[in-house]
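Engineer: okay, here's the prediction I keep looking at, along with the sequence it came from:
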Amino acid sequence: MKPVWRGLLLLVIGALVGFALGVGLEFLVMGEFDPAAPVASLFALLVGFTSFFWGVVGKSAITSGLISQIIGTLVGAGLVTLIRAFMGLDLIGSFFFTEPAWVFGAFIGVICFIFGSGIVSDWLKWARGIGTPEHHEDKPGWEKYFSVSLDHKVIGIQYTVTALFLIGVGGLFALIFRTELAQSQLQFLTVDMKLFGQNGPQLYNTLMSLHGMIMIISILLGIAGMINYIVPLMVGAQDMAFPRLNAFSYWIAVPAAVLLLMSLILGGFDTGWTGYPPLSARAPVGMQMFFLGVFTAGWSSILGALNVIVTVVRMRSKGMVAFRMPIFVWAAVATSIIALTATQFIGLSFQLVMFQRLFGMGFFDPAKGGNPILFQHLFWFYSHPAVYVFVLPGLGIISELLPVFARKPLFGYRWVAMSSLAIALVGFLVWAHHMFTSGMNEYLRVPFMYSTLLVAVPTGVKFFSWVATLWKGKIWTPTPMLFVLGGIISFLVGGLTGPPNATVSVDLHLHDTYFIVGHFHDTIFGGFMFPFFAALYFWFPKATGRRMNETLGKIHFWLMTPSFFVLTFGMMRIGLLGMRRRIVDYDPALHFDTTHLILTIAGFLIALSVCIFIYNFFYSIKNGEKADGNVWNSRSPEWQVPSPMPAHNYDEPFEVVGEPYDYGLPGSQYVQFIKNK
Amino acid sequence: MSHTQDKSSAFRQGAMIFVYLAVLTALEFFVAIALGAVILLIAIALVKAGLVLYYYMHLYKLGEEQGGEDTHSYAYTTGTNRFGLWLFLLSDFFVFAGLLVMRFNLLGLTRPNLNQGLGLLVTAVLLTSSFFMNRAETAMAHDDQKGFITGTIATLVLGIGFIAGVVFVEWPAAIREGITASSGTPGAAFFMMTGMHAFHVLTGVIFLFIVLNNGRKGLYTDKKHWAVEAATVYWHFVDVVWIFFYPALYLIGKLA
Amino acid sequence: MRHFVIVGILVIIMAALTYAGLNSAGLMPIEASAQAVSIDSLWNYELIAMSFLFALIVVPIIYSLVIFRRKKGETGDGEHIEGNTRLEIAWTVIPLFMVIGLAYMGAYSLGEVRRVDPNAMVVKVTASQWQWKFEYPDSGVISTELRLPVNRQVVLKMESLDVIHSFWVPEFRLKQDIVPGRVTEYRVTPSLVGNYKVRCSEICGTSHAYMESPVIVVSQADFDGWIAEQQAFTAANQTPEGKGQALVSANGCAACHSVNGAVGVGPTWQGLFGSTVELEVGSSVTADEAYLTESLKDPKAKVVKGFQPTMPIYPFTDEEIANIVAYIKTLK
């Protein structure tokens, strides 16, 4: 039986077994038979998920890790419950275990995943004074993608596929609530329905919140996928500076994703992805799973960024001085500087709310002298620079691919390189523009308006450079280039709708409306989604030795792009007219029904286009048209060797002897391979 | 400063720096009592941190030639590892910076009513542990295995002493004074800051145990002891954090 | 050179068309406050800038895609143009001045919006999950509707009982969060008589979507009349039940508790008094005066089965609580 079918079969069996276990446990402890008990759904999810992977690949890092996580979670929760029994505290909460038990259990679950999956086995050996070989042999075939590999190319693909999976989950949540929103008044997310301990509006709030965060995590994983795969190839390294840390950074995202999914089942949460207290201090237990899940994912981001910076600084090929690096490497470094440092602040802000909930520490509780606005400062100090983490790699992809498809140098390469660093730097100084209405000190609003508008300058440098790169080129538009162009236009609209948000008085009208939702979908699709697809279509032959289907690619683009602009323009329109964010329902008297219906249809069309992409992606791995040479006629070093990429990248090292983007200069060469003596 | 120093002068320098740190700590304690000058307290903390960063953590090594051309040599790999470690510390620094932001936003220029004697005591213990850590590392850099072992054991004892002092003496003392985790923002800030710091001291202790164990097996030499350098730099980092946390919690501001 | 001229003309045409299109699309709601004028004026300048910049980037790109397209079978590369430092400096410095200019305009606009009228009328706003309460300190009137006289600045002093909410009337344009533990201020000069709505604009839980109240702007004369009416009504209803009913309508209890048996966020009050209620923890209790009093003082103490413990604590005096209980008693 093919692994996928085995997986699906075991998914169903595992889910049923898990469900039965949960119902049984509920019965044993609570004395009542309740098929709707959240603990039953939770077990169904966890055991089903794990069984799926068992069916596909049997014993491997993912299955060992997940099994360890499930056991660890139960043991941890059980331990806390036992301690509570000794202390005479209540043992059962509204979702089976009490909140402290769930939090500690989830934490132990993550720790057990780390140890059970084998990702730290080399480090444990080093701790015992035992050496390990530098390279690990990967399992042959596709099984290596479910195991711990130290090869950055494998890890890059693991990141990418996980990102695509999370895009699917986040997108599914969006389709669910967009269906409800298509018409005013509640259709199926009603007040009397109940799922996972939540009624319709509560479930909406959870789905909407998770849509945001799951998409954000998918972006972090997607950029990690692109950066991990491409950067070592571009700088001529055999691998990243710290291959085991690289594997760790990928694998820790898996238990993080599990925690986020657990939050849906353990009562959900109603704060949006931003988790503001005091609301987040009183939300159901799912809030804690959310906080812990994001905290865990943060480790992936931070450690991954560390690896990128060290790799670029220490492992470049001979002759690759700073201004002869491919532009994507500059983007990766700028991104990583942000991710390395600022991420700690979202971790800290969430940690403080977690502790406020668990121990009554009144950081954000006015009754104890706490300050809710402090949370927002800490949170946005990361979360604004985070959006530059989301878009800088994609903007780097655009800069990287335009020369290939315009057959012209990147105009003003040095300026473009510096603009990524400038955006990263200025991006640290603007966070309070998310807080113009928050009640923070009024005099802070004007300086942040100035700094926010300032970011437009280096961003403009990129746009003008892109226009100038295309000018007088010899442009051809296969699918990757279509997505590059779509990214430019989308990011342009997103960027241009920034200044109205930046000017405080206008923002008073725009804040917390669908105008903002349209603005950030434009910037995110432009800065990440479109370039991500471009990168996948572009480097697919490098990874697999085959091309993705060009016709399906064009259908993907032409279905997605107009739908996307209809979506975001529609959002901005109703936002200006009064449509607030994060609401499950809206007044029919506002006459937004037609627009909402259009938005929902657009969403479904985008989803359809992504399904076409997914089909194309996986089908072409084995069945795509063979393409083992320099398919795009790129000057970049990885295209000078055959595809798929050899296991240790370059059998012969290369030396940089010219500029990266000297298209149109006869006889010019970027890299020259050094024959082994 | 560099390995051109001989062992005894390196030991002497390490001791001198420790004396400066101790004097500065006494100075900041009395500045706080007598003057309450916040700027001065911050300045003293910066000087102390600078001393530790330069003389104990060897920050300047980052600027030195890191292993030359041969990218597969031990020297080159160590340089790469060193850069990675400092980036990790840069990231960790942001956690503690965030905690300081929290403290000053919530408490402003007031401070919780903590036991000054205990504060000074645990600070002295931690600073002394850094002295011994420096001694241990200096010994290893000169292939003095025995000096390394004794220095590391001394560091460990003091480090564990610090954690015990904070968790089993300071915390109960604060609770007896009515400063609990849930009593209000002074307690919340105190417990979160000392808790996060103590957690990092604990991870440092675990790291040191591992390095001590491997050291006893004879795994390190004066030419190859990256793990020792890493554990040392991490240990001093945790000390530098306390150099800022101590005045922030005990010295800066008026009693509420 | 020819290319630049054509592109230049096309940019201007497209910018003009884009702006005209956006301008005629009626993007903003009607202006109903003096502050909205300044905001809409700035917005208009921003529309012009957005239209121009959009055209400036999109037109050359599309032009290039058409004119500089690689022809079938062509294999050569484009022109080897690496850059142009003067151009780079120009398109760094000019946008720099433009954004500083826009920021200045923004600061000016903000100053206009926040201009203080010392004679502004004060209204106290209390936001809680999930209703609004408005109090007029000068006259002692309490209402769940915000009624305002036209052309007079009013300053709302806003407090929250539980979580962060936000006050927004699209036609006024202004928005301000309401944060527990502090008083935030909202200054507006309504300029157009009409019926509007304030809807909470910071997610505040399950019924955030439904947290709204009418905002009714009337002439000064009508406003004074309404105040007098409200005062008279309160004076006439001085029985405990009457006072209780006034409190109930002033505090918007109907948002969660119906009086007609309908199930809402909270249990219905119809027939509540004297009935037996089953609690979340499993036991049962009679809904007598003691139970109702306790539940008003500590809503989370004895939650009815099937409902969430989300009711906030209202700062009622003991007498007010007794009045409310008296009113509930009348609901059969």
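Structural biologist: That came through fine. Numbering: from 1, shown residues only, chains lettered A, B, ... in the order given.
Engineer: for the residue of chain C found nearest chain A, which non-adjacent residue is closest in space?
Structural biologist: Distance from chain A to each residue of chain C (CB to the nearest CB) is smallest for C:Gly181, at 2.3 Å. Where C-beta positions appear, they are placed from N, C-alpha and C, glycine not excepted. In space, C:Gly181 comes closest to A:Pro366 once its chain neighbours are excluded; the distance is 2.3 Å by CB to CB, 6 or more residues apart in numbering or on different chains.
Engineer: per-residue pLDDT, that neighbour?
Structural biologist: pLDDT for A:Pro366: 96.
Engineer: give the contact list for it.
Structural biologist: Applying CB atoms under 8 Å, 6 or more residues apart in numbering or on different chains, we find A:Pro366 in contact with A:278, A:372, C:180-182.
Engineer: quick one: least confident helix or strand in the chain?
Structural biologist: No chain specified, so I'll use chain A. strand A:92-93 (a mean of 88; mean pLDDT, DSSP states H and E).
Engineer: who are the packing partners of that strand?
Structural biologist: helix A:99-116 (3 or more CB pairs under 8 Å, 6 or more residues apart in numbering or on different chains; DSSP states H and E).
Engineer: pull out the buried residues from the helix it packs on.
Structural biologist: A:99-110, A:112-114, A:116 (16 or more other CB atoms under 10 Å in any protein chain shown).
Engineer: so which bits of the stretch 51-200 of chain B are right by chain A?
Structural biologist: B:66, B:71, B:76, B:79-80, B:83-84, B:87-88, B:90-92, B:94-95, B:98-99, B:101-102, B:105-106, B:181-189, B:191-192 (CB under 8 Å from any CB of the partner chain).
Engineer: any of these buried? List them.
Structural biologist: Judged by 16+ other CB under 10 Å, buried ones among those: B:66, B:71, B:76, B:79-80, B:83-84, B:87-88, B:91-92, B:94-95, B:98-99, B:101-102, B:105-106, B:181, B:183-189, B:191-192.
Engineer: residue 328 sits in which helix or strand?
Structural biologist: I went with chain A, as the question did not name one. Element membership of A:Phe328, judged by DSSP states H and E, is helix A:327-359.
Engineer: wrong one, I was asking about chain C
Structural biologist: helix C:318-329.
Engineer: burial of A:Gly58, as a residue count?
Structural biologist: 12 (other CB atoms under 10 Å in any protein chain shown).
Engineer: repeat for A:Leu245
Structural biologist: There are 19 residues near A:Leu245, going by other CB under 10 Å.
Engineer: helix, strand, or coil at it?
Structural biologist: helix (DSSP: H, G, I helix; E, B strand; the rest coil).
Engineer: that one touches A:Val310, doesn't it?
Structural biologist: No - between A:Leu245 and A:Val310 there is no contact, the gap being 9.3 Å when judged by CB atoms under 8 Å.
Engineer: related to what we said a few turns ago, list the buried ones in the helix holding C:Ile328?
Structural biologist: Those buried within helix C:318-329 under the rule 16+ other CB under 10 Å are C:320-329.
Engineer: what do you get for stretch A:62-80?
Structural biologist: Applying 16+ other CB under 10 Å to stretch A:62-80 flags A:62-70, A:72-74, A:76-77, A:80 as buried.
Engineer: measure the residue of chain C closest to chain A to C:Val125 for me?
Structural biologist: Counting by CB to CB, to the nearest Å, the gap from C:Gly181 to C:Val125 is 15 Å.
Engineer: the more surrounded of those two?
Structural biologist: The residue with more neighbours, out of C:Gly181 and C:Val125, is C:Val125; 23 against 18, by other CB under 10 Å.
Engineer: now that one: which helix or strand?
Structural biologist: Assigned by DSSP H and E, C:Val125 falls in strand C:121-128.
Engineer: buried residues in that strand?
Structural biologist: C:121, C:123, C:125-128.
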